[in-house]
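K.L.:
Below are the sequence and a predicted model; questions follow.
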Amino acid sequence: MLGRDLGRGAAGPGGVWPSPDVAAGAAIAGVQTFPYVAPDHQARDFDYPQSPPVGGDHWPPSAGGVTGWLTCGTFDTQVPDEFAVHSMEHGAVWLTYRPGEDAAGLAALAALQPDYVLVSPYAGQSGAYGASTWGAQLFVDSPEDPRLEAQRALWRGSEVGFSDRDLVVLEGRTTSELGATYRIRPTAFAMVLVGKDGHTAFRSDVPVAASDLFQRIDAMPMRREEMRVRGR
């Protein structure tokens, strides 16, 4: 294993990780953050509270002829926790998958930033796919959902229609509160149209064309009144 300096990540006040920028990632649904003090380098095995770990003490850059960190890239076998943690200390993101899951989606993500991403299997992690960086972690059930890209494609080029109808598009994994309110399972695709009064006006478990969505909105009483006021 070859080492490469990735550039040290920034600590928060008092040398505590995550930094404010990393902590802000908790706004993303499902992301967990964990505070860590500035780590110590020790040439030994460690027991970490998270699986995969997201920070803590780890191997030094070199000890006993062993390079104690990893070059970013894709690995077919599980890598030492202590080495991956050292790479994350220097700014790397660690993408992991349960053995047996298809790693192609993660490899495609890694290719976008090859100098800063590790990809490897990780037995026993709580989700099928995981993304870990120093002090933050997220698990999902799929590295990509083809229905999400299909929905994006159907709406592409319809920005004027969305703006005219005051539509705001929120895309991503739901929080437990939103999921309960709008009956969206955490791992499911759903297109939910929420009215200005907060009620569910329409929902679909498959992608919906912008023209169909506009037709439904234009038939609503509130929208018809808006159009009347605007002289349409």
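P.N.:
Sure thing, it's come through.
K.L.:
gap between the closest residue to Met88 other than its chain neighbours and Gly91?
P.N.:
Spatially, and ignoring its direct neighbours in sequence, Met88 is nearest to Trp134 (4.7 Å; CB to CB, 6 or more residues apart in numbering). Bear in mind the C-beta positions are built from the backbone N, C-alpha and C, glycine included. Shown here: Trp134 relative to Gly91, a distance of 8 Å by CB to CB, to the nearest Å.
K.L.:
higher neighbour count, these two?
P.N.:
Trp134 (27 against 17; other CB atoms under 10 Å).
K.L.:
Quick check, pLDDT for the more buried one.
P.N.:
At Trp134, the predicted lDDT confidence score is 84.
K.L.:
again, but for Thr96
P.N.:
At Thr96, pLDDT is 93.
K.L.:
Repeat that for Ser176.
P.N.:
57.
K.L.:
Name the residues that touch whichever strand or helix holds Phe202?
P.N.:
Assigned by DSSP states H and E, Phe202 belongs to strand 200-204. Applying CB atoms under 8 Å, 6 or more residues apart in numbering, the contact partners of strand 200-204 are 182-183, 190-195, 213, 216-217, 220.
K.L.:
Out of these, which sit inside strands?
P.N.:
191-194 (DSSP state E).
K.L.:
could you dump the residues you listed to TSV with distance to Asp45 and neighbour count?
P.N.:
As requested, the ones in strands among the contacts of strand 200-204 are arranged in TSV below (distance: CB to CB, whole Å; neighbours: other CB atoms under 10 Å):
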residue	distance to Asp45	neighbour count
Met191	47	19
Val192	47	16
Leu193	52	16
Val194	50	16
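K.L.:
Of all pairs in those, which one spans the longest distance?
P.N.:
Largest separation among these by CB to CB: Met191 and Val194, giving 10.8 Å.
K.L.:
Report the beta-bridge partners for Thr133.
P.N.:
Ala136 (DSSP bridges).
K.L.:
I'd guessed it sits against His90; true?
P.N.:
No: with contact defined as CB atoms under 8 Å, Thr133 and His90 do not form a contacting pair (11.0 Å).
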